[in-house]
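Student: Provided below for reference: sequence and predicted model.
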Amino acid sequence: MPDPDRIRDALLLHSASCIGKKYLQQLVSQLACLTGAERVLLSQRSGGPHRQLQVLFANDAAGGAPRQLPCNCLFDTRQPLLLGRGLRQCLPDASQQAWQSCLVWPLLDGDAHCLGHLALLDARPDFFAPELPALLQPFIERAGAELEQLQQREKQARRQHWQLLHSDILRQNAQGTPLDALLRTVVQQIELALPEWRCSILRLDSRGRLQPVAGPSLPSAYQQRLVGLAPGPMVGSCGAAVWHAKRVVAENLQLHPNWAPYRELAARFELGSCWSEPLIDSKGTVHGTFAVYHRTPSAPTPQAITILEDTARLLALLLENQTIHRQLDSRSQWYRAILQNAADGLSIIDMNGRFLEASDSLCQMLGYSLDELLHMHLWQVVPGSTPQSIRQRLAATGEDGETFESVNRTKDGALLEVEVSARRLMLDGQPVIWGSARDISQRKALQRILEQQATIDALTGLFNRPTLLTRLETQLQLAQVQHAPLSVLMLDLDHFKQINDRYGHHAGDLVLAALGDALEEVLRESDVAGRIGGEEFCLLLPGLGLHEALDLAERIIDDISELRIQSGHHILAITSSIGVACLQADDDSRTLLARADSALYAAKAAGRHRAVALSADPP
Ligand SMILES: Nc1nc2c(ncn2[C@@H]2O[C@H](COP(=O)(O)OP(=O)(O)OP(=O)(O)O)[C@@H](O)[C@H]2O)c(=O)[nH]1
């Protein structure tokens with residue numbers, strides 16, 4: 001062996017300027033060349049469960065790697081080792097060569113953890129100079145640092161690889177790639193990176209049974225046996241992982257108690273171990289399992305556990321996404337069904353009054369297409385409103401909702417009476433107004449007819465008796481509060497019976513209708529006219545005193561006497577009598593009407609076709 005000092009100088013010359021892999025490679029080849037050792041190995045401790053020795057660089061192709069042994073069985077992981085002879089037993093080389101000289105250094109990281117070894121081996125006894133370890137120590141330390149860097153970079157590259165895979169899968173998920181295809185891709189990619197892994201994904205169905213969804217390298221006959229598996233505390237790895245919502249690791253399927261009923265199955269399909277990770281989503285729901293099988297009994301390394309956990313998290317996210325999408329789909333189908341089938345016009349309006357959504361019925365009601373409506377604002381369909389008034393109205397709409405009547409203008413300009421229910425909601429974090437409009441035009445028209453029927457005398461178009469009496473009470477109160485005059489005329493046709501008798505009841509009706517028209521013409525807006533008996537009428541004249549009322553009564557008498565009413569071939573003429581009374585301080589409706597009635601009686605008694613005013617009750 002050359003002089004150790006020369007070895008150090010040559011190493012400084014040839015390898016010190018290299019870095020990384022190159023440094024380690026150079027170191028191995030230079031040491032072989034300079035020391036003349038038959039074999040130089042640079043190994044690292046593999047990440048595997050038994051920390052096997054993995055040769056990274058060797059000076060010859062054979063490598064001389066005792067691959068199946070944990071490296072700490074071979075070398076000390078802390079101290080350099082200089083062995084002279086007798087290595088045959090403890091270093092069973094592939095070639096079974098008797099290494100008589102062996103010089104081994106552990107390669108340590110910054111925390112003095114052993115990452116691997118550098119070994120010089122030679123068949124000749126006492127081949128290495130005793131001062132060589134101390135002399136090479138600086139190179140060995142540098143080799144440790146370089147190996148640490150190398151391993152860090154590899155670890156980082158692996159992490160990046162998984163991150164890329166995950167983000168690619170999530171991107172595909174967002175783009176709508178079918179879930180089954182995505183699950184298969186995940187498994188394929190993992191098996192590509194870790195060829196000894198045989199992965200499987202089981203999913204819980206709606207009955208709570210497990211169903212295989214991906215497992216490309218597992219025998220299909222084995223997967224068939226998993227169909228419909230019910231989870232349980234001792235059901236293999238996957239059934240138990242789902243049951244406990246916890247990882248279940250069976251390193252040796254022939255020994256693990258959960259696998260007792262399935263040992264024969266595991267042996268038949270060459271399954272040595274099974275590590276199963278439950279797929280638990282963000283809400284804690286278990287969707288299934290991600291499991292990794294090995295042909296031989298194996299325990300997961302910390303790195304394998306990280307991959308298991310990360311993959312399970314990704315798969316749970318995919319499954320949760322699908323569940324959410326399904327729920328959203330069914331909800332949006334439900335909403336669409338409501339929007340399409342609702343009888344009322346439904347809409348969602350933003351706080352500026354813009355239509356965000358509208359039901360088919362609202363489109364039909366207003367005569368616009370959905371597309372047209374979604375480009376419109378509420379003020380375009382509410383006559384008399386402005387953008388500002390609509391915004392104010394919407395801002396005042398609360399979460400409890402309100403119901404009110406309104407009018408909408410349709411596309412062809414028609415006005416619709418609507419009953420609106422409105423309520424403020426939050427949609428995508430924004431306040432919006434949910435509105436429901438019911439077309440009540442027909443109901444309102446009917447209501448108006450009924451109201452009219454209840455208040456109006458059908459024959460004359462004047463108020464009926466109850467309405468007139470109610471109005472009288474109101475007018476009376478107003479006059480008393482305002483200290484304003486109020487007069488009442490009581491009008492009765494003269495000898496009306498004769499018209500009926502001579503020309504028939506229909507002729508009498510025509511006369512009454514004509515009288516109604518005549519009275520409406522002569523009266524002011526504020527006056528109130530009603531038919532309170534067969535041919536008896538009452539007029540309320542707010543603001544008129546007794547004399548003015550008498551004047552008006554006489555004008556009415558004249559107007560009526562000038563009426564000519566055609567009934568068949570006959571032209572009918574009539575006269576009337578009127579009693580006039582004016583509100584006095586101690587009057588109520590009853591005394592006022594009674595006085596007007598007395599005045600009418602007096603007019604009849606005096607020969608009819610005249611008006612008589614009574615300023616005080618007759619004695
Ligand atoms: N055609 C028609 N006649 C009615 C109606 N209501 C009441 N009458 C008639 O009105 C007439 C009232 O007759 P009377 O009370 O004797 O009064 P009159 O004939 O007008 O005589 P004086 O009032 O005393 O001038 C009766 O013949 C009733 O049948 C109606 O709705 N239509």
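Tutor: Done, it's in.
Student: For the stretch 51-200 of the chain, which segments are assigned as helices?
Tutor: Per DSSP state H, counting those that start in this stretch, the stretch 51-200 of the chain carries helices over the ranges 71-74, 132-174, 179-193.
Student: Could I get the average pLDDT for stretch 330-344?
Tutor: The pLDDT scores in stretch 330-344 average 76.
Student: which of the residues in it are buried?
Tutor: 339, 344 (16 or more other C-beta atoms under 10 Å). (Each C-beta comes from the backbone N, C-alpha and C, glycine too.)
Student: any residues touching that stretch, and which ones?
Tutor: Outside of stretch 330-344, the residues within contact range by C-beta atoms under 8 Å, 6 or more residues apart in numbering are 346, 357-361, 436-438.
Student: Need the buried ones from the residues you listed selected in ChimeraX.
Tutor: Applied in ChimeraX, the following selects the buried portion of the contacts of stretch 330-344 according to 16+ other C-beta under 10 Å:
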select :346,357,358,359,361,436,437,438
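Student: and I449, what element?
Tutor: Taking DSSP states H and E as the criterion, I449 maps to helix 441-455.
Student: Could I get the CA-only coordinates of that helix as PDB?
Tutor: Below are the C-alpha coordinates for helix 441-455, written out as PDB (Å, rounded to 0.1, in the frame of the first residue of the first chain):
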ATOM      1  CA  SER A 441    -105.600  40.600 -10.600                       C
ATOM      2  CA  GLN A 442    -108.500  38.200 -10.900                       C
ATOM      3  CA  ARG A 443    -108.900  38.000  -7.100                       C
ATOM      4  CA  LYS A 444    -108.800  41.700  -6.800                       C
ATOM      5  CA  ALA A 445    -111.400  42.200  -9.600                       C
ATOM      6  CA  LEU A 446    -113.700  39.700  -7.900                       C
ATOM      7  CA  GLN A 447    -113.100  41.400  -4.600                       C
ATOM      8  CA  ARG A 448    -114.000  44.700  -6.100                       C
ATOM      9  CA  ILE A 449    -117.200  43.200  -7.600                       C
ATOM     10  CA  LEU A 450    -118.200  41.800  -4.200                       C
ATOM     11  CA  GLU A 451    -117.400  45.000  -2.500                       C
ATOM     12  CA  GLN A 452    -119.500  46.800  -5.000                       C
ATOM     13  CA  GLN A 453    -122.300  44.400  -4.600                       C
ATOM     14  CA  ALA A 454    -122.200  44.900  -0.900                       C
ATOM     15  CA  THR A 455    -122.200  48.700  -1.100                       C
END
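Student: could I get the helix or strand following that helix in PDB with only the CA atoms?
Tutor: Per DSSP H and E, helix 441-455 leads on to helix 465-482 as the next helix or strand towards the C-terminus. Taking Å, rounded to 0.1, in the frame of the first residue of the first chain, the C-alpha atoms of helix 465-482 are listed here in PDB:
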ATOM      1  CA  ARG A 465    -129.100  51.800   2.400                       C
ATOM      2  CA  PRO A 466    -126.500  50.300   4.800                       C
ATOM      3  CA  THR A 467    -123.600  52.100   3.100                       C
ATOM      4  CA  LEU A 468    -125.500  55.400   3.000                       C
ATOM      5  CA  LEU A 469    -126.200  55.100   6.700                       C
ATOM      6  CA  THR A 470    -122.600  54.300   7.400                       C
ATOM      7  CA  ARG A 471    -121.500  57.300   5.300                       C
ATOM      8  CA  LEU A 472    -124.000  59.500   7.200                       C
ATOM      9  CA  GLU A 473    -122.300  58.600  10.500                       C
ATOM     10  CA  THR A 474    -118.900  59.500   9.100                       C
ATOM     11  CA  GLN A 475    -120.200  62.800   7.600                       C
ATOM     12  CA  LEU A 476    -121.900  63.600  10.800                       C
ATOM     13  CA  GLN A 477    -118.800  63.200  12.800                       C
ATOM     14  CA  LEU A 478    -116.700  65.200  10.300                       C
ATOM     15  CA  ALA A 479    -119.300  68.100  10.300                       C
ATOM     16  CA  GLN A 480    -119.400  68.100  14.100                       C
ATOM     17  CA  VAL A 481    -115.600  68.100  14.500                       C
ATOM     18  CA  GLN A 482    -115.100  70.700  11.800                       C
END
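Student: Please name every helix or strand in contact with helix 465-482.
Tutor: Helices and strands touching helix 465-482, as assessed by 3 or more C-beta pairs under 8 Å, 6 or more residues apart in numbering; DSSP states H and E, comprise helix 441-455, strand 486-493, strand 528-531, strand 536-542, helix 589-605.
Student: How about that helix, which residues are buried there?
Tutor: Within helix 465-482, the residues that qualify as buried by neighbour count (16+ other C-beta under 10 Å) are 467-469, 471-472, 475-476, 479.
Student: Check stretch 235-252 too.
Tutor: Using 16+ other C-beta under 10 Å as the test for burial, stretch 235-252 gives 235-243, 247-251.
Student: same check, this time on stretch 523-530
Tutor: Judged by neighbour count using 16+ other C-beta under 10 Å, the buried positions of stretch 523-530 are 523, 527-530.
Student: Residues touching that stretch, excluding its own?
Tutor: Counting contacts by C-beta under 8 Å, 6+ apart, the residues outside stretch 523-530 that touch it are 457, 462-465, 467-468, 471-472, 475, 516, 519-520, 537-543.
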